[in-house]
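Engineer: sequence-free structure coming up:
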């Protein structure tokens, strides 16, 4: 009985040490911006066009708003003529914009 109590105490102490180590060790795993998988890169770009229409579900899709010059767009899916990402500023939603209108 005494041996079992010592083993249990040792296991408890080991668990506590491990818990403290986990709480105090800095995270080394990669983190990604909201909506991105780990390993994906997102680039936040500044709009240089006077107005840049943001489309909802697809390129040439329904208009959801307009980014103004100086506002930013986080490109989450780079592409050819259109890119998908998060429109900051007045819109604050994900959508599609024409590529090539960034500084």
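Structural biologist: Great, that's in hand. These numbers were taken from a predicted model, which means no experiment stands behind them. Residues are numbered from 1 along each chain as shown.
Engineer: Residue 76 sits in which helix or strand?
Structural biologist: Using DSSP states H and E, residue 76 sits in strand 72-77.
Engineer: Quick check: closest non-adjacent residue to residue 86.
Structural biologist: residue 74 (4.4 Å; Cβ to Cβ, 6 or more residues apart in numbering). Using the backbone N, CA and C atoms, a C-beta is placed for each residue, glycine as well.
Engineer: ah, wrong one, I meant residue 76
Structural biologist: residue 85 (4.2 Å).
Engineer: per-residue confidence for the one you found?
Structural biologist: The score at residue 85 is 97. That number is its pLDDT.
Engineer: wait, it sits on residue 42?
Structural biologist: Yes: using Cβ atoms under 8 Å, residue 85 is in contact with residue 42, at 6.9 Å.
Engineer: more crowded one of these two?
Structural biologist: residue 85 (24 against 17; other Cβ atoms under 10 Å).
Engineer: ok, which stretches of this structure are helices?
Structural biologist: Along the chain, the segments classed as helices by DSSP state H run 2-24.
Engineer: now residue 91: how far from residue 80?
Structural biologist: From residue 91 across to residue 80, the span is 22 Å (Cβ to Cβ, to the nearest Å).
Engineer: Who has more neighbours out of these two?
Structural biologist: residue 91 (17 against 8).
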